[in-house]
Every structure is written in C-alpha cells, then in structure tokens.
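Engineer: With the sequence up front, the predicted model follows.
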Amino acid sequence: MSGKVAVVGSNMVDLITYVTRMPGPGETLEAPSFSLGCGGKGANQAVAAAKLGADVLMVTRVGDDIFADNTINNLEKLGVDTRHVVRVPGTSSGVAPIFVEESGENSILIVKGANEHLTPEEVDKAAEDLKQCDLIVMQLEVPLETIYHTIAFGAKHGIPTLLNPAPAQPGLDASRITDVTYLVPNESELELLTGMKVFDEDSAEAAARSLMAKGIKTVIVTLGSKGALLVTSEGRKHIAPISVTPKDTTGAGDAFIGCFAHFYTRDKDLDGALSMAVRYAADSITRPGTQKSYATGKEFDTFCASLKE
C-alpha cells in the first residue's frame with residue numbers, strides 16, 4: 001500500500017538551455033537548444049514520488065502570471081494533490097534558468113517569486129491534511145521560518161520529517177532543525193552547514209557527526225556518482241552507486257529524495273528506501289530534463305530488473 005507524502009516546498013518554471021560551454025564576461029554564444037519545463041525542488045520531489053505511486057500532497061504557492069496554470073495542471077496530470085497549491089496576487093511564479101553543458105553538468109539560477117509567500121501561516125491552513133501524512137518533505141527554496149515551523153509541526157504531531165537543505169543557505173540555524181527526522185544534504189551543502197571539508201566517506205561522516213552533536217539524529221549524505229552515506233548514532237552505511245552514462249544531472253538529487261519518500265512511506269524500510277533512491281537518481285540522469293526524466297513505477301521496475309542481468 002502506498003504511503004502518503006506531503007511536500008511543503010517550492011515550485012519553479014525551468015528555463016533550460018543546453019550549451020557547448022558557458023560564455024565568458026561580455027561574450028555571446030549560440031546555444032544548441034532550449035526547453036521549458038516544470039521544476040523547483042519541492043515540485044520535483046513531489047512528482048518523483050507520485051510517478052512511482054505515492055499519494056502526494058503538495059503545499060506551495062504560485063504567482064498570478066502565465067506560468068501558474070501550467071504548474072498546477074502539470075502537478076495534477078502527474079498525480080499530485082494540488083488543493084494547497086494557491087495563487088499569490090501580484091506576484092511572479094518562481095523561475096529557474098538552467099544551463100546544461102555537454103558533459104551533463106549543470107548551473108542553475110533561481111528566482112523564488114511566489115515561493116517567498118509560503119509562510120508558516122499558509123502551512124497551518126493545510127494542517128488537517130498534513131496530519132494524515134506519513135512523511136513531510138521540505139527544501140530551502142521557501143522562507144526558513146516556514147521550514148522551522150513545519151519541522152516543529154511534524155514533531156508535535158508525531159509525523160516524520162525530511163529536510164533537504166538545498167539550495168545551501170548559510171543562514172540555516174542548526175539548533176532549530178534538531179527535531180527533523182532525516183537531514184539529507186549533498187557534499188557541498190554539508191560543507192556549508194558545518195564549515196568542514198567533505199572529500200570522501202570519512203570526511204562526510206565527520207561533518208555529519210558534527211551536526212549530530214548539535215542534536216540532529218540522522219544524516220543522509222548524497223554523494224552523486226559515489227552513491228550515498230547514511231550516518232546514525234549506531235554507525236555509518238555506504239549505499240553503493242549505480243554506474244550509468246550521464247546525459248543530464250539536473251534534478252538527480254530531487255529524484256533521490258522523491259524516490260526515498262515513496263519507498264520509505266510504503267515499506268518503512270530505511271535501508272531499502274535508500275538503495276532504491278540511489279538507483280532512481282542514477283536512472284534519471286540517463287535522460288534530459290528534470291521531472292520528465294523521472295521514471296514511472298513500471299519504468300523503474302524495468303530499470304532495476306536490468307541491473308540484475
């Protein structure tokens with residue numbers, strides 16, 4: 001039976017330009033292609049979980065511009081509950097210009113727009129629906145006070161919470177996120193949170209434990225092509241990577257978290273959910289784009305079966 005996942009977070013319109021290389025200052029280059037898609041870390045994570053079969057509730061804000069209807073329709077089409085996706089008058093929707101190089105590496109800018117209007121008071125309007133969820137997922141493309149409030153809400157009502165501290169923000173107060181169930185940074189985000197260099201498993205564990213010393217219970221470090229690392233009071237566990245040929249790494253971290261949310265709420269198996277999340281993220285980077293690169297449940301089953309051959 002599918003679990004119920006809530007995503008309290010952001011949505012963006014992805015403006016994706018594929019480049020042979022990034023231009024230098026004052027330089028104009030012709031780019032091979034462009035596409036427009038729906039993104040934002042919150043929406044990406046919600047869509048990944050929904051495409052795999054999770055029951056997903058999205059709490060977010062959109063603008064009153066031409067992008068809002070497209071965002072809402074896209075979420076609904078992909079199976080996300082949008083009753084708490086609300087337009088903010090006189091405000092633009094969030095946008096994310098993305099530049100993808102031939103290697104698959106990407107550079108991203110974000111304009112938060114209506115995401116800045118997702119306040120603690122707006123989250124409280126969804127309280128009764130949030131109480132029915134098995135996991136609440138968050139990121140940092142909305143106000144920090146909203147993150148702190150939602151973590152406290154989860155702790156008060158006995159609902160597990162997951163915070164993906166992305167994009168990294170030096171203003172994040174570790175003392176106010178100690179009630180989060182799972183903190184899931186990547187290596188650069190972990191460095192910013194701790195001020196410690198992260199370059200291998202040992203350094204990642206040391207940085208994670210410095211956060212645990214402040215009260216955070218479980219840290220999951222995503223390591224890109226090196227898999228992931230689970231750090232708890234009992235020890236650490238490395239989740240082995242899956243070798244694929246990357247085409248576009250955009251949204252891989254969101255694929256990881258959305259997949260983790262689905263399998264964690266469905267099976268209540270932490271190790272199993274992490275193993276599936278590494279596989280799902282690897283599969284996603286073999287196709288271009290963000291949400292459109294995420295496999296459905298059946299497609300993911302086929303990918304997993306191919307790994308056993």
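Structural biologist: Everything's here; your move.

Engineer: how far away is Ile136 from His157?
Structural biologist: Taking Cβ to Cβ, to the nearest Å as the measure, Ile136 falls 9 Å from His157. Using the backbone N, CA and C atoms, a C-beta is placed for each residue, glycine as well.

Engineer: same question, Glu145
Structural biologist: In terms of Cβ to Cβ, Glu145 sits 19 Å off from His157.

Engineer: Same question for Thr150.
Structural biologist: 11 Å.

Engineer: do Phe263 as well
Structural biologist: 23 Å.

Engineer: So those two - more neighbours on which side?
Structural biologist: Neighbours around Phe263 and His157, counted as other Cβ atoms under 10 Å, are more numerous at Phe263. The numbers are 23 against 12.

Engineer: which residue packs closest to Asp269, ignoring adjacent ones?
Structural biologist: Phe263 (7.2 Å; Cβ to Cβ, 6 or more residues apart in numbering).

Engineer: now swap in Arg236 and tell me
Structural biologist: Using Cβ to Cβ, 6+ apart and skipping the chain neighbours, the partner closest in space to Arg236 is Glu205 (5.1 Å).

Engineer: And for Glu189?
Structural biologist: Ala168 (4.3 Å).

Engineer: picking that back up, what do Ile136 and His157 both touch?
Structural biologist: Leu130 (Cβ atoms under 8 Å, 6 or more residues apart in numbering).

Engineer: So which helix or strand of the protein has the lowest pLDDT on average?
Structural biologist: strand 106-108 (a mean of 87; mean pLDDT, DSSP states H and E).

Engineer: Now that one: buried residues?
Structural biologist: Asn106, Ile108 (16 or more other Cβ atoms under 10 Å).

Engineer: what sits up against that strand?
Structural biologist: Met22, Ala96, Pro97, Ile98, Phe99, Val100, Glu101, Asp248, Thr249, Thr250.

Engineer: Can you show me the strands along the chain?
Structural biologist: For the chain, applying DSSP state E gives strands covering 4-8, 12-18, 33-39, 55-62, 80-87, 95-100, 106-108, 135-138, 161-163, 182-183, 219-222, 228-232, 235-239.

Engineer: any idea of the mean pLDDT for the second one?
Structural biologist: Average pLDDT, strand 12-18: 90.

Engineer: Packing partners of that strand?
Structural biologist: strand 33-39, helix 66-77, strand 95-100 (3 or more Cβ pairs under 8 Å, 6 or more residues apart in numbering; DSSP states H and E).

Engineer: next one: that strand to chain centre, how far?
Structural biologist: Distance, stretch centre to chain centre, for strand 12-18: 16 Å (Cα atoms, centre = their mean, to the nearest Å).

Engineer: Direction included, what does that strand pair against?
Structural biologist: In the sheet, strand 12-18 lines up against strand 33-39 (antiparallel), strand 95-100 (parallel) (DSSP bridges).

Engineer: and it with strand 55-62, angle?
Structural biologist: In terms of direction (axes from the mean of the first three to the mean of the last three Cα atoms, to 10 degrees), strand 12-18 departs from strand 55-62 by 90 degrees.

Engineer: Likewise for the first one?
Structural biologist: Relative orientation of strand 4-8 versus strand 55-62 (the same axes, to 10 degrees): 10 degrees.

Engineer: If anything else comes up later, I'll come back, but that's it for now.
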